[in-house]
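S.K.: the following comprises the amino acid sequence and a computationally predicted model.
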Amino acid sequence: MKDKNTISYRESAWDFHPNESLSLCNKCKHHIEGVHCKAFPFPQQIPDEILFNELKHTTLIEGQQGRFMFEEKETRYEF
């Protein structure tokens with residue numbers, strides 16, 4: 001029996017779309033943690049335009065370190 005005080009995420013008004021809301025930085029093999037990567041190491045941070053998927057990091061960007069650009073990291077699934 002379903003608890004009347006709980007709702008499933010399908011019933012909620014939560015407007016979260018993983019493919020649109022998560023930064024592609026999380027899928028990049030150069031991502032370090034949070035808002036830092038090899039191109040934008042601490043104390044720099046990844047520009048908001050890249051973090052919010054408004055700009056694809058497929059070319060060099062002024063102010064970045066090295067020649068690091070988006071490269072999807074290999075995902076391994078173990079069963």
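M.R.: Cool, got the structure. Residues are numbered from 1 along each chain as shown.
S.K.: what segments of the protein are strands?
M.R.: Secondary structure of the chain by DSSP state E: the strands cover 31-33, 36-37.
S.K.: show me what contacts the nearest residue to Glu71 once chain neighbours are set aside?
M.R.: In space, and not counting its chain neighbours, Glu71 is closest to Lys29: 5.1 Å by C-beta to C-beta, 6 or more residues apart in numbering. Just so you know, the C-beta spots here come from the backbone N, C-alpha and C atoms, and that holds for glycine as well. Going by C-beta atoms under 8 Å, 6 or more residues apart in numbering, Lys29 touches Glu71, Glu72, Lys73, Glu74.
S.K.: ok, the spatially most central residue of the chain to Glu74 distance?
M.R.: By C-alpha atoms, centre = their mean, the chain has its centre lying nearest to Ser23, at 2.4 Å. Ser23 sits 18 Å away from Glu74, going by C-beta to C-beta, to the nearest Å.
S.K.: Phe52 now?
M.R.: In terms of C-beta to C-beta, Phe52 sits 25 Å off from Glu74.
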